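Student: Got a predicted structure plus its sequence, pasted below:
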Amino acid sequence: MISWGKQNGKRRFKCKNCGIYFTAENKSVGLKNKEIWFKKWIIGKQTYEQISAESGYSVSTLQRYFNVMLVKAPKLSYSQNKEVYLLIDGTYFSNEICLVVYRDNVFKQTQLYRITDGEHYEELKEDLENILNLGIKIGGITCDGDKSLLKAIRKVCPKVPVQRCLVHIQRMCKIWLSAYPKSVAGFELREIVCKLHFIDSEVKKQYWIKEFLDWFEKHKDFLNEKSYSLETGRYWYTHKMVRRCFSVIRKALPNMFTFLQNHKIPKTTNGIESFFGHLKGNLNIHRGLTKSRRKKFIQWYLFYKNLKS
């Protein structure tokens, strides 16, 4: 075997016995290079065409290799024996896919996730139990107030401090009250809700709570006002949107200002919602994936993001 120039940038060889020309290939290096491109396909927002032009591999070769890689679901590493402050939330994709993520806000790592069809109590309870069984200490939990999740937290880890997402409360109240409330009570409540994100001390918290309770005493009769239908013979609360806002705040109040006692506990779930936004942005670039491959894509995305962190 003798050296015989180059072909496509690779060293070419000739066999003295049979006269066959060939180029040497290192399969391990080739696979490692393809994995680099696979990672860029998952978290780099690059299409097959872009990676093909940059790597020199054909689109069909990349598709074949990436499909093989997608099937190999990676194991997610977790932060054992350290205190974490969890952001817990679920997001929905097409094909009835729901991703529930338990993400540490301090180290920016996903501790656990579940790909399912909804946020169900039994599954959430099982996930929290698994986190504790892994030896992970939960220092605090921030969530959007989903009833199933709150029930699971009370059942599995009742002593863990819980923070309700202030942005979620504020956003929903603004939607229900509208930009220009017609009633005085609705207008005043909207002004109170808009002050939520300014609270950063115990003093401001006490002033805000007092203002909210004073508002309730002033408009108590308005909130309890009912209407009657002669056709159905039923009563209902006349000002249901204003009452709904009041009810949400009243129920969330015990867990609205937990972050003031511990600065490591985030007061909103913005961190995980931003994370979901980036994930959906990457996944939307690769439209056309089957339901099973979309799930595998999500698993690989979470895996690579943990390594990056």
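Tutor: That came through, no problem.
Student: which residues touch the helix or strand containing N67?
Tutor: In this structure, N67 sits in helix 59-71 according to DSSP states H and E. Applying Cβ atoms under 8 Å, 6 or more residues apart in numbering, the set of residues contacting helix 59-71 from outside is 34-35, 37-38, 41, 48-49, 51-52, 55, 293, 296-297, 300. (Each C-beta comes from the backbone N, C-alpha and C, glycine too.)
Student: Could you look up the next helix or strand downstream of the worst-scoring helix or strand of the chain on mean pLDDT?
Tutor: The least trusted helix or strand in the chain, going by mean pLDDT, DSSP states H and E, turns out to be strand 21-23, with a mean of 63. Along the chain past strand 21-23, the next helix or strand (assigned with DSSP H and E) turns out to be helix 27-43.
Student: what mean pLDDT does that following helix have?
Tutor: Per-residue confidence for helix 27-43 averages out to 78 on the pLDDT scale.
Student: before we move on, what about stretch 47-61?
Tutor: Taken as a whole, stretch 47-61 has an average pLDDT of 91.
Student: how deep is the closest residue in space to M241 that isn't next to it in sequence tucked in, by neighbour count?
Tutor: With sequence-adjacent residues excluded and distances taken as Cβ to Cβ, 6 or more residues apart in numbering, M241 is closest to W176, at 4.5 Å. W176 is flanked by 19 other residues according to other Cβ atoms under 10 Å.
Student: State the distance from W176 to Q170.
Tutor: 11 Å (Cβ to Cβ, to the nearest Å).
Student: show me where the stretch 201-309 of the chain has helices.
Tutor: Ranges of helices within the stretch 201-309 of the chain are 202-218, 220-224, 240-252, 270-285, 291-308, based on DSSP state H, counting those that start in this stretch.
Student: out of the ones you listed, which comes closest to S3?
Tutor: Counting by Cβ to Cβ, S3 lies closest to helix 291-308 out of the helices of the stretch 201-309 of the chain; the figure is 39.7 Å.
Student: Which elements pack onto that closest one?
Tutor: When contacts are defined as 3 or more Cβ pairs under 8 Å, 6 or more residues apart in numbering; DSSP states H and E, helix 291-308 sits against helix 27-43, helix 59-71, strand 97-104, strand 109-116, helix 270-285.
Student: let's see 6 Å
Tutor: helix 27-43, strand 109-116 (3 or more Cβ pairs under 6 Å, 6 or more residues apart in numbering; DSSP states H and E).
Student: So which of the ones you listed is the most surrounded?
Tutor: When the helices and strands packed on helix 291-308 are scored by mean count of other Cβ atoms under 10 Å, the highest mean neighbour count falls to strand 109-116 (a mean of 19).
Student: Check which element follows that one along the chain.
Tutor: Proceeding N to C from strand 109-116, the next assigned helix or strand is helix 121-133, under DSSP H and E.
Student: And the helices and strands packed on helix 291-308: which comes nearest K75?
Tutor: Distances from K75 to each of these were compared by Cβ to Cβ, and the smallest falls on strand 109-116, at 11.9 Å.
Student: so what strands line up beside that closest one?
Tutor: Each strand that pairs with strand 109-116, with its direction, by DSSP bridges: strand 97-104 (antiparallel).
Student: The strand it pairs with versus helix 270-285: what angle between them?
Tutor: Interaxial angle of strand 97-104 relative to helix 270-285 (axes from the mean of the first three to the mean of the last three Cα atoms, to 10 degrees): 140 degrees.
Student: Flag every buried residue along strand 97-104.
Tutor: With burial defined by 16 or more other Cβ atoms under 10 Å, the residues of strand 97-104 counted as buried are 97-104.
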